[in-house]
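**Student:** give me a 3D structure for the following:
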Amino acid sequence: MNEQSKIIDEVREVLGIQDNVSDVQLCKLLRQKMASLHPDSFCDENAKQEADRLFKQYNSLYQSLKKHISSQNSRSSSALIPISDEEVIQFSYIQELDSKDKEIDILRKENKALADKNNILSEENMRLNRELNQTHDVSIKLSEENLQEIYRPRPIFNVTGITALVAAFAMVIPQFKDVLFELGLPVTVIHVLLWIVSGVWLFAWARKFFMNKILNSVESKILCGKELDKKLQYVSKEYYSFTETDLTEIVRACLRKGIRKLIVLYDVDETTKQLSEQIILELSRKHIIQKTASKGLVKYFYVNNIYADIS
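**Tutor:** Sure, this is the predicted structure:
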């Protein structure tokens, strides 16, 4: 038995065909069987491995059969069952399909490579976003601490205030007053001074408490867009903008309203600066600020139109 007959017999055995079928029909049927065994059609790993093994085995046989048919066709000789003109056309169509399949395989591999690359880039982007958010969180925390530090009474002042308060209450005790009289000290003057120092200390702590409420209120109001929208300038279909000076003016105006003016007092400049920086960090962390730009000494912040519409 020659090599060509052996190939035909192997194909017939694989396909389970005993009837007389032309070589082109065998090629067509084998191609269909290979399509059903493509590894990508299976999800189970064991089934995929078995399909891959059979696919490679049949593909080798398929390529040999195609080579055999091509050689017969090129020599215009007869096959075991002669090749008709119609089968020549069918074989040409099969070859064209094979060519397209190769192109699809190449595209599939390229697509997989791009998908893998995209996954890597996505993971890297997520990592960078996490680091950026952590950086923003740290920056916001430091900014909050700086704001708290402006109104936090100093340790030495706390000691003095607590001591003065305790002493002021102690002077209500008659025995304590008698001791001061015996020492020749002006009891009334000392008592008044102690209450003044205690009052200043209590005011400082009350001021700190109320300032926390005021700062949170101002920050929430601006972050919600209730004040900032008055300063937004149309830039394009995508962006509105505001300047650093705009935000500073808004913060200052909010801090100087009503009774807030009495509580902020002489620290308004430092408070305005720190609170403005904290608001910028919050807007950036929430991705409301899309980009920044500087023109001379003026710094511009760009927000998307969605934020502008909401505000």
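
**Student:** tell me the pLDDT of the nearest residue to residue 261 once chain neighbours are set aside.
**Tutor:** Once flanking residues are discounted, residue 261 sits nearest to residue 255: 7.6 Å by CB to CB, 6 or more residues apart in numbering. Yep, even glycine has a C-beta here, placed from its N, CA and C like the rest. Here the pLDDT value assigned to residue 255 is 83.

**Student:** so who does residue 255 touch?
**Tutor:** Counting by CB atoms under 8 Å, 6 or more residues apart in numbering, residue 255 makes contact with 214, 218, 261, 264, 268, 271, 272, 275.

**Student:** mind doing that once more with 7 Å?
**Tutor:** Going by CB atoms under 7 Å, 6 or more residues apart in numbering, residue 255 touches 218, 264, 268, 271, 272.

**Student:** how many residues are close by the third one?
**Tutor:** Using other CB atoms under 10 Å as the criterion, residue 268 is surrounded by 15 other residues.

**Student:** got the contact list for it?
**Tutor:** Here residue 268 is in contact with 252, 255, 256 (CB under 7 Å, 6+ apart).

**Student:** measure it to residue 259 for me?
**Tutor:** Look at residue 268 and residue 259: by CB to CB, to the nearest Å, they are 14 Å apart.

**Student:** now residue 298
**Tutor:** With distances taken as CB to CB, residue 298 is found 33 Å from residue 259.

**Student:** same check, this time on residue 131
**Tutor:** According to CB to CB, residue 131 stands 42 Å off from residue 259.

**Student:** check residue 199 too.
**Tutor:** Taking CB to CB as the measure, residue 199 falls 18 Å from residue 259.

**Student:** which of these two has more neighbours?
**Tutor:** With neighbours defined as other CB under 10 Å, residue 199 and residue 259 compare such that residue 199 has more, 14 against 9.

**Student:** could you list the buried residues of the host helix or strand of that one?
**Tutor:** Element membership for residue 199 (DSSP states H and E) is helix 187-223. By neighbour count with 16 or more other CB atoms under 10 Å, helix 187-223 contains the buried residues 191, 194-195, 197-198, 201, 204, 207, 210-211, 214-215, 218-219, 222-223.

**Student:** so what touches stretch 128-137?
**Tutor:** Residues from elsewhere that reach stretch 128-137 (CB under 7 Å, 6+ apart): 281, 284, 285.
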